[in-house]
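*Asks:* The sequence and its predicted three-dimensional model are supplied below.
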Amino acid sequence: MMQRLIVTVMFLVLTLAACSDKWGKGSGSSEANDGEEPAPLPIPSVLAQPPVQRPAVIDMQGRPMSFAPLVAQSDAAVAMVKAVQMGTVRGREQPVKEGLGTAFVYDPVGYLLTNHHVIEAATNITIGFKDGRDLPATVVGSDKRTDIAVLKVEATNLPALPLGDSEELLVGDWVVAIGNPFGLSHTVSAGILSAKGRTRDDVSGLDPAGYFDFLQTDASINPGNSGGPLLNLKGEVVGINAAIRANANNIGFAIPMNMVKQLLPILLRDGKVKRSALGVIVGDLSIDQASRLGRAVTKGAWVKGLQGGGPAERAGIEVDDVIISFNGKPIDDQNQLRWFASIGGVGQTATVRVFRDRKELDLKVVLSELPETDN
């Protein structure tokens, strides 16, 4: 044992002596290099590379340890919207209303998405970017009934956010909101997706003629967050933050991105949405109504009435029919039917499947134009 200890000590002494001689030659002393500066230490190649942009850091159980990487790669694409409404007061033109909101770049050549209510009636719109630039914006297209607006600034190579698939989201998934609540720029909050499929009945103060299929989240959303992105952990936009429940604690609502993507080509092409109509008055199917009509489930839109001489009546749809699909898409409730019928296209022929007398049949309906005042 003693011999082993002696050998170990001698080895350590020799090792330290060798290291001391090696370090001395590189220490910058006049004996070693005649006053020359020591050669710089090489930087490991991993550290020399620029940092890799990553989504949120996840632990072994899939839980976020930090949202910082996600925010770092997303924040520059989020901008502040200043909307000013000019008017004449005592013979002079001056601002009569100002509002702040949020927008985000989805196309690097200068296209942004926000809420319609953020820029409604505005005569001057300015976009403030994180790099300090303030650029004037024009409205490319806007739709009050879904609260979506597309803006354009004259700039290129802007940082942009990818548009994700809101249908992939599950209740309980993590989401991150970025915006400008109360003018506090680039504020980040995180939470989970609390619910899906919230309608105009769940959020007070909305346009009764609107089309809403909200994502609900407990990520903090406040006035000024409107128009900002709701992100998944991949850094994709899955919703546009739009509304809050004022009397609740952290209950916010976002327009699902799949709804936005359906309207985006129309807004870019036409600047507005020209909606189509089926010509029916519908309601959700209760258990009692389903039992009366011989239907085993309550999915579908129950036809309570028909527009006289309208598309549905001409196609043979009847009161007490239950519409169960529209152009091959299943219909769970009246809100889904309203949405699909509204974007079916004026003059287009739609295939409507109805449940009647315990049987299913397909009817062809030529859609008419929905008047602006209709619900």
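*Replies:* Looks like it arrived, so ask away. Residues are numbered from 1 along each chain as shown.
*Asks:* Let's verify residue 84: helix, strand, or coil?
*Replies:* Secondary structure of residue 84, reduced to three states by DSSP: H, G, I helix; E, B strand; the rest coil: strand.
*Asks:* center of the protein, which residue is that?
*Replies:* When CA atoms, centre = their mean is applied to the chain, the residue found nearest the centroid is residue 239 (2.0 Å).
*Asks:* which residues of the stretch 151-300 of the chain fall in helices?
*Replies:* 257-270, 287-293 (DSSP state H, counting those that start in this stretch).
*Asks:* could you say what helices and strands the longest one packs with?
*Replies:* The reference is to helix 257-270. Contacting helix 257-270 under the criterion 3 or more CB pairs under 8 Å, 6 or more residues apart in numbering; DSSP states H and E are the following elements: strand 134-143, strand 148-153, strand 237-244. Every residue, glycine included, has its C-beta placed from N, CA and C.
*Asks:* among those, which gets the worst mean confidence?
*Replies:* Across the helices and strands packed on helix 257-270, the stretch with the lowest average pLDDT is strand 237-244; it has a mean of 94.
*Asks:* I'd like to know which elements that strand is packed against.
*Replies:* Packed against strand 237-244, as judged by 3+ CB pairs under 8 Å, 6+ apart, are the following elements: strand 92-107, strand 111-114, strand 174-179, strand 214-217, strand 229-231, strand 252-256, helix 257-270.
*Asks:* Which of the ones you listed has the highest mean neighbour count?
*Replies:* The highest mean neighbour count among the helices and strands packed on strand 237-244 belongs to strand 229-231 (a mean of 31), with neighbours defined as mean count of other CB atoms under 10 Å.
*Asks:* Can you spell out which residues form a bridge with the closest residue to residue 270 other than its chain neighbours?
*Replies:* Among residues not flanking residue 270 along the chain, residue 141 sits closest, at 7.0 Å (CB to CB, 6 or more residues apart in numbering). Residue 141 has these beta-bridge partners by DSSP bridges: residue 150.
*Asks:* coming back round to it: would you reformat the helices of the stretch 151-300 of the chain as TSV and include mean pLDDT?
*Replies:* Converted to TSV, the helices of the stretch 151-300 of the chain look like this (pLDDT from 0 to 100):
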stretch	mean pLDDT
helix 257-270	96
helix 287-293	95
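*Asks:* Serialize these to a markdown table and add fields for distance to residue 348.
*Replies:* Putting the helices of the stretch 151-300 of the chain into a markdown table (distance: least, CB to CB, whole Å) gives the following:
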| stretch | distance to residue 348 |
| --- | --- |
| helix 257-270 | 13 |
| helix 287-293 | 29 |
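*Asks:* right, and the helices and strands packed on helix 257-270 - which one's nearest residue 312?
*Replies:* For the helices and strands packed on helix 257-270, distance to residue 312 was read as CB to CB. The smallest value, 24.4 Å, belongs to strand 134-143.
*Asks:* can you pull the buried residues of the closest one?
*Replies:* Under the neighbour-count criterion of 16 or more other CB atoms under 10 Å, strand 134-143 has 135, 137, 139-143 buried.
*Asks:* which residues are contacting that strand?
*Replies:* 81, 111-112, 116, 119-120, 124-129, 148-155, 263, 266-268, 270-273 (CB atoms under 8 Å, 6 or more residues apart in numbering).
*Asks:* Let's see that with 7 Å instead.
*Replies:* Counting contacts by CB atoms under 7 Å, 6 or more residues apart in numbering, the residues outside strand 134-143 that touch it are 116, 119, 125-128, 149-155, 263, 267-268, 271-273.
*Asks:* Domain map for the protein?
*Replies:* Per automatic domain parsing, the domain ranges recorded for the chain read 74-153, 166-270, 276-369.
*Asks:* Quick one: closest of the helices and strands packed on helix 257-270 to residue 297.
*Replies:* Nearest of these to residue 297, taken as CB to CB: strand 237-244 at 29.0 Å.
*Asks:* How far away from the center of its chain is that closest one?
*Replies:* Using CA atoms, centre = their mean, to the nearest Å, the mean C-alpha position of strand 237-244 is found 5 Å from that of the whole chain.
*Asks:* With that, I have no additional questions.
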